[in-house]
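Visitor: model the structure of this input:
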Amino acid sequence: MSSWNEDIETALKELMIETDSWKQITEEINKRFKINISVSSAKSYAYRRGLTLPKKEKEYQSKKETIDRKYGVVSDDDIALYVINTTKEWVPIWTVGDMHAGSEAFDEDSFMIDRDWAIKNNMYLMGVGDWMEASVPTHMPKTMFGQNATPYNQAKYLIETMLPFKGRTITIVDGNHEKRVRNLTSFRPLEEVSTELDALHMNNGGLVTIRVNDIDYNIYITHGASFAKGNKEVEDFGAIWKNVDVVIEGHTHRCESWKMNQGWINVNQKKVLVEQIGIRSGHYLLQKGYVEEKPYKPLLSESMVIWLNSKTKEIQVSRARSSFSLV
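Guide: Modelled structure (predicted):
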């Protein structure tokens with residue numbers, strides 16, 4: 001909406017109080033200011049300026065509160081609990097991050113193959129951040145022109161694409177790309193996606209307990225922030241959270257898993273060796289655009305699956321569409 005100005009914004013605010021019909025709002029804006037914008041364009045520009053219809057915002061907050069209660073989350077200090085009751089021996093959880101949907105380099109073909117495979121195998125889902133490209137002018141301005149959709153439409157695409165995981169998405173955390181949009185505007189893209197999927201949204205990640213029948217698996221999930229530290233950042237989180245079974249990070253676009261030995265702790269007056277699993281969740285970004293210019297090392301589009309045993313506490317990790325355990 002190149003003709004956007006303060007008068008239109010003022011009128012939009014007034015109309016949003018009077019009606020909850022975006023069609024009526026858009027028609028009135030076009031009529032008053034003699035412009036021609038679409039309903040989706042009006043909604044996008046309104047949302048990016050923190051304007052939401054009162055009815056929608058009320059419903060959104062109510063749904064978010066319901067999700068928080070389901071996970072037992074009342075404050076930031078609470079550990080989220082996700083319960084899975086099953087008769088199957090293994091529970092698969094697809095851990096996917098760094099899709100960068102909306103980027104010209106988004107490897108959508110590979111992603112959709114893995115997504116359809118995960119759907120076919122009734123997998124659960126954990127989101128590791130950077131699901132969106134969400135480029136903003138203050139960071140690498142040229143990437144703004146490498147986007148094929150606005151951040152608003154990127155979020156809409158993700159909701160539609162990941163809808164088969166509604167009710168089976170455990171949590172989604174923000175990556176650095178979503179945080180840029182969140183910090184500059186009131187738009188909370190992955191919070192919106194999480195709510196639509198009935199999942200817990202975690203800004204910075206954190207600890208989640210997945211209870212499979214009567215077995216608790218503690219998983220620490222975060223997007224990560226440092227290329228320089230590499231896998232040491234994953235191991236550092238494991239050293240801090242010694243009650244964790246798995247530490248998941250994204251960001252580096254690597255797809256790998258390994259065992260971490262964090263030393264000994266006392267449990268019921270006995271020394272127990274703390275063994276954890278570290279995971280890098282992979283990516284879906286082709287070697288083009290700013291990735292090629294950096295240049296970053298070419299990496300295959302891949303993601304990881306965590307397999308939790310429902311009968312005895314045992315964890316396996318494989319790449320998507322593979323049954324070969326990496327740990």
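
Visitor: domains of this protein?
Guide: According to automatic domain parsing, the chain comprises the domains 6-48, 58-319.

Visitor: how far does the first one sit from the chain's center?
Guide: Going by Cα atoms, centre = their mean, to the nearest Å, the spacing between the C-alpha centre of domain 6-48 and its chain's C-alpha centre is 30 Å.

Visitor: now swap in the longest one and tell me
Guide: On the basis of Cα atoms, centre = their mean, the separation between the geometric centre of domain 58-319 and that of its chain is 6 Å.

Visitor: pLDDT (mean, whole number) over that domain?
Guide: Averaged across domain 58-319, pLDDT comes to 88.

Visitor: report all helices and strands that whichever helix or strand residue 236 is part of contacts.
Guide: Taking DSSP states H and E as the criterion, residue 236 maps to helix 232-240. Helix 232-240 sits against strand 215-222, strand 246-249, strand 255-267, strand 270-283, with contacts defined as 3 or more Cβ pairs under 8 Å, 6 or more residues apart in numbering; DSSP states H and E. C-betas here are computed from N, CA, C, even on glycine.

Visitor: about what we covered before: tell me which of the domains of the chain is the most buried.
Guide: domain 58-319 (a mean of 18; mean count of other Cβ atoms under 10 Å).

Visitor: just the C-alpha atoms of the lengthiest helix in the chain, please, in CSV.
Guide: With secondary structure taken from DSSP state H, the chain has its longest helix at helix 54-70. Extracted in CSV, the C-alpha atoms of helix 54-70 (Å, rounded to 0.1, in the frame of the first residue of the first chain):
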residue,chain,number,x,y,z
PRO,A,54,-11.0,-6.4,19.0
LYS,A,55,-13.0,-9.5,18.5
LYS,A,56,-10.1,-11.4,16.9
GLU,A,57,-7.6,-10.2,19.5
LYS,A,58,-10.0,-11.3,22.3
GLU,A,59,-10.4,-14.8,20.7
TYR,A,60,-6.7,-15.0,20.1
GLN,A,61,-5.8,-14.2,23.7
SER,A,62,-8.5,-16.7,25.0
LYS,A,63,-7.1,-19.5,22.8
LYS,A,64,-3.5,-18.7,23.9
GLU,A,65,-4.5,-18.8,27.6
THR,A,66,-6.2,-22.2,26.9
ILE,A,67,-3.0,-23.5,25.4
ASP,A,68,-0.9,-22.3,28.3
ARG,A,69,-3.2,-24.0,30.8
LYS,A,70,-2.9,-27.3,28.8
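
Visitor: what sits up against it?
Guide: Here helix 54-70 makes contact (Cβ atoms under 8 Å, 6 or more residues apart in numbering) with 16-17, 20, 52, 74, 191-192, 194-195, 198-201.

Visitor: please enumerate the helices of the chain.
Guide: 6-18, 22-33, 39-48, 54-70, 108-120, 151-162, 176-184, 189-196, 232-240, 290-293.

Visitor: closest one to residue 299 among those?
Guide: helix 290-293 (9.3 Å; Cβ to Cβ).
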